[in-house]
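Undergrad: Pasting a predicted model and its sequence here:
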Amino acid sequence: MELHKISNGHHDYVPVEDGFEPEQEEFLPHKDDGLNKSQFKDFEGKTSFGMSVFNLSNAIMGSGILGLSYAMSNTGIIVFVILLTCIAVLSSYSVHLLLKSAGVVGIRAYEQLGKRAFGQPGKILAAVVITMHNIGAMSSYLFIVKYELPLVIQTFLGKHSNTGEWFLNGNYLIIVVTICIIFPLALMKQLGYLGYTSGFSLTCMVFFLGSVIYKKFNIPCPFEEFGNSSINATLEADCEGKFITINQQTAYTVPILAFAFVCHPEVLPIYTELRNPTKRRMQSVANTSILGMFVMYLLTAIFGYLTFYGNVESELLHTYSKVDPMDTLILCVRLAVLVAVTLTVPVVLFPIRRALLQLLFPEKPFHWARHITIAVCLLIVVNILVISVPNIRDIFGIIGATSAPSLIFILPGLFYIRIVPTEDEPMNSRPKIQAACFTAVGFIFMIMSLTFIALDWINGENRSGGGH
């Protein structure tokens, strides 16, 4: 999710060298004992509790929020609430495992925890998973541009339907936006100032939530067809929320929810910036942020679903245009979301490039050729992915079924098992057993989700998504 997973300065970490003495409760000692032994002294924590909550909330908030109503329509209200609650609780426990592991070895970077746990292969694995997830996030943002920008232009031109001009073709528009806006920003050496877009992103999503709630009481059901709308006139019986629904699209629910709660690569950088940083204080920051996003996600899903019921699409904003493409309020929401996601893409690209440089050229100084080449290659890959994939649900599904379980469940559990000394917690101790079970749950979620998604593709069922 941030829109996606950004906060001002969160990725500007410096790898920690081996040899630091293990810390206990405090990750960043905030009092000088006179011996000048403060770890990461140059990053002395100065961020307040409230601002840390705001930053982590931005890290959690993502484009996944646009798919939650669709997820509810394919599970029913009761099943969705249970799954959302479980994912939120498990995300909080996952943060606990990360903080405990980081507290043992004094490391504040996800990749460095991987290196401490499994050596260089662990660092590579963590970097690859984070890269996959961020590429998925970039793709989801450009997918929003692909399907929302043509509708915005269409509305400004007073057209009720797409008449086929190139500037109403989403595939052309994402290329134009990438070249004219995203690429120049991605070339900058420092993107710190773009961290301010995280505040705009969160404000945008609050505006989005308010609009969803408002429109619930202003869009009548049964629906009436509007022009060439693909939302068909419905019967009164179709305007009742279902408490339990199971179908083949239900397989996408857990990945969509997991995608919406990933913030774990940003937890440790936020931890280091926290004033008076203790594990308990940072856990409170995480719990508060996750609870806030849980409430926001739940309200968005419920009111979006109870507006469109079975007609809700995998990208909620796109659904509103099927009722009234000229709606001024939804046009404002679209514009806000489009600006936010466009400015977020280069920020999400930045840590991917940094991870690739560390893996491929760890000893090389900064060079413009490498800097530009990696940005160009990443943007080309993401554009091809967005043009080729017909549905944003597929991006949420695949990334949510692979990188999200890895970042939330599998890697934190494995790090905890490997890093926490057996002298402190033997393998048969309750915390280690819980961590092992937590990791196993991640593998089960990943395998089940990928299996059901593959079966859905093989069966070639009709999809009601943003691309149709």
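TA: Received it, and whenever you're ready, just let me know what you need.
Undergrad: Report all helices and strands that the helix or strand encompassing residue 117 contacts.
TA: Secondary-structure element containing residue 117, defined by DSSP states H and E: helix 110-118. When contacts are defined as 3 or more CB pairs under 8 Å, 6 or more residues apart in numbering; DSSP states H and E, helix 110-118 sits against helix 77-105, helix 120-156, helix 264-273, helix 411-419. (C-beta placed from N, C-alpha, C; glycine too.)
Undergrad: I'd like the distance between residue 376 and residue 148.
TA: 25 Å (CB to CB, to the nearest Å).
Undergrad: the more surrounded of those two?
TA: For residue 376 versus residue 148, neighbours defined as other CB atoms under 10 Å are more numerous around residue 148 (24 against 13).
Undergrad: Leaving out chain neighbours, which residue sits closest to the more buried one?
TA: If the residues on either side of it in the chain are set aside, residue 148 comes closest to residue 334, at 5.1 Å by CB to CB, 6 or more residues apart in numbering.
Undergrad: what's the neighbour count on the one you found?
TA: Other residues within reach of residue 334, judged by other CB under 10 Å, total 22.
Undergrad: By mean pLDDT, point me to the weakest helix or strand of this protein.
TA: Across the helices and strands of the chain, mean pLDDT, DSSP states H and E gives its lowest value to helix 392-405, namely a mean of 78.
Undergrad: on that earlier part again, give me the angle between the helix holding residue 117 and helix 264-273.
TA: Here helix 110-118 runs at 100 degrees with respect to helix 264-273, directions being taken by axes from the mean of the first three to the mean of the last three CA atoms, to 10 degrees.
Undergrad: by how many degrees do helix 110-118 and helix 77-105 diverge?
TA: Put simply, helix 110-118 runs at 70 degrees to helix 77-105, going by the same axes, to 10 degrees.
Undergrad: average model confidence for helix 110-118?
TA: Helix 110-118 shows a mean pLDDT of 86 in the predicted model.
Undergrad: cool, and stretch 263-281?
TA: Taken as a whole, stretch 263-281 has a mean pLDDT of 83.
Undergrad: again, but for stretch 427-437
TA: For stretch 427-437, the mean per-residue pLDDT is 92.
Undergrad: Identify each buried residue in that stretch, please.
TA: Residues of stretch 427-437 classed as buried under the neighbour-count rule (16 or more other CB atoms under 10 Å) are 431, 432, 435.
Undergrad: Whichever strand or helix holds the last one: how far from the chain's middle?
TA: It refers to residue 435. Assigned by DSSP H and E, residue 435 belongs to helix 430-459. Here helix 430-459 shows a centroid-to-chain-centroid distance of 19 Å under the convention CA atoms, centre = their mean, to the nearest Å.
Undergrad: ok, now stretch 137-155?
TA: With CA atoms, centre = their mean as the basis, stretch 137-155 stands 17 Å off its chain's centre.
Undergrad: returning to what we had before: the least confident helix or strand of the chain - contacts with which helices or strands?
TA: Taking 3+ CB pairs under 8 Å, 6+ apart as the contact cut, helix 392-405 packs with helix 120-156, helix 253-261, helix 430-459.
Undergrad: got the angle for it vs helix 120-156?
TA: 150 degrees.
Undergrad: what packs against the helix or strand where residue 354 lies?
TA: Taking DSSP H and E as the criterion, the element that holds residue 354 is helix 328-360. Counting contacts by 3+ CB pairs under 8 Å, 6+ apart, the secondary-structure elements packed against helix 328-360 are helix 120-156, helix 183-186, helix 197-216, helix 316-320, helix 368-388.
Undergrad: out of the ones you listed, nearest to residue 288?
TA: helix 197-216 (14.2 Å; CB to CB).
Undergrad: starting at the chain centroid, how far to that closest one?
TA: Worked out by CA atoms, centre = their mean, helix 197-216 lies 16 Å from the chain centre.
Undergrad: what do you get for stretch 71-89?
TA: 17 Å.
Undergrad: so who does the residue nearest to residue 159 when sequence neighbours are not counted touch?
TA: What sits nearest to residue 159 in space, not counting adjacent residues and going by CB to CB, 6+ apart, is residue 168, at 7.9 Å. By CB atoms under 8 Å, 6 or more residues apart in numbering, the residues touching residue 168 are 150, 153, 154, 159, 162.
Undergrad: if I look at the nearest residue to the first one once chain neighbours are set aside, how far off is residue 383?
TA: Same thing as residue 150. Among residues not flanking residue 150 along the chain, residue 168 sits closest, at 4.7 Å (CB to CB, 6+ apart). Noted for residue 168: a distance of 18 Å to residue 383, by CB to CB.
Undergrad: what do you get for residue 296?
TA: Residue 296 is 30 Å from residue 383, by CB to CB.
Undergrad: what does residue 129 give?
TA: Taking CB to CB as the criterion, residue 129 is separated from residue 383 by 22 Å.
Undergrad: And for residue 156?
TA: Using CB to CB, we find residue 156 at a distance of 24 Å from residue 383.
Undergrad: Residue 345 reaches residue 139, doesn't it?
TA: No: counting by CB atoms under 8 Å, residue 139 is not a contact partner of residue 345; they are 9.6 Å apart.
Undergrad: Please indicate which of the contacts of residue 168 are buried?
TA: The neighbour-count test (16+ other CB under 10 Å) applied to the contacts of residue 168 identifies 150, 154 as buried.
Undergrad: Tell me the one of the contacts of residue 168 nearest residue 184?
TA: Distance to residue 184, by CB to CB, is smallest for residue 153 among the contacts of residue 168, at 21.5 Å.
Undergrad: Next one: the closest one, what pLDDT does it get?
TA: 88.
Undergrad: Contacts only, for it.
TA: 167, 168, 173.
Undergrad: closest to residue 54 out of the helices and strands packed on helix 110-118?
TA: Checking the helices and strands packed on helix 110-118 against residue 54 by CB to CB gives helix 264-273 as the closest, at 10.2 Å.
Undergrad: just to revisit the earlier point, out of the buried residues of stretch 427-437, flag the one nearest to residue 210.
TA: When the buried residues of stretch 427-437 are compared for distance to residue 210, the smallest value, 39.6 Å, is given by residue 435; criterion: CB to CB.
Undergrad: and that closest one, what does it touch?
TA: Counting by CB under 8 Å, 6+ apart, the residues that residue 435 touches are 97, 413, 416, 417.
Undergrad: now those in TSV, with distance to residue 405, neighbour count and pLDDT?
TA: Shown next, in TSV, are these (distance: CB to CB, whole Å; neighbours: other CB atoms under 10 Å; pLDDT from 0 to 100):
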residue	distance to residue 405	neighbour count	pLDDT
97	14	25	93
413	11	26	94
416	16	27	94
417	16	21	93
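Undergrad: Could you check how far the closest residue to residue 152 other than its chain neighbours is from residue 88?
TA: Distance criterion CB to CB, 6+ apart; nearest residue to residue 152, sequence neighbours excluded, is residue 334 at 5.3 Å. When distance is defined by CB to CB, residue 334 is 28 Å away from residue 88.
Undergrad: What of residue 158?
TA: Counting by CB to CB, the gap from residue 158 to residue 88 is 43 Å.
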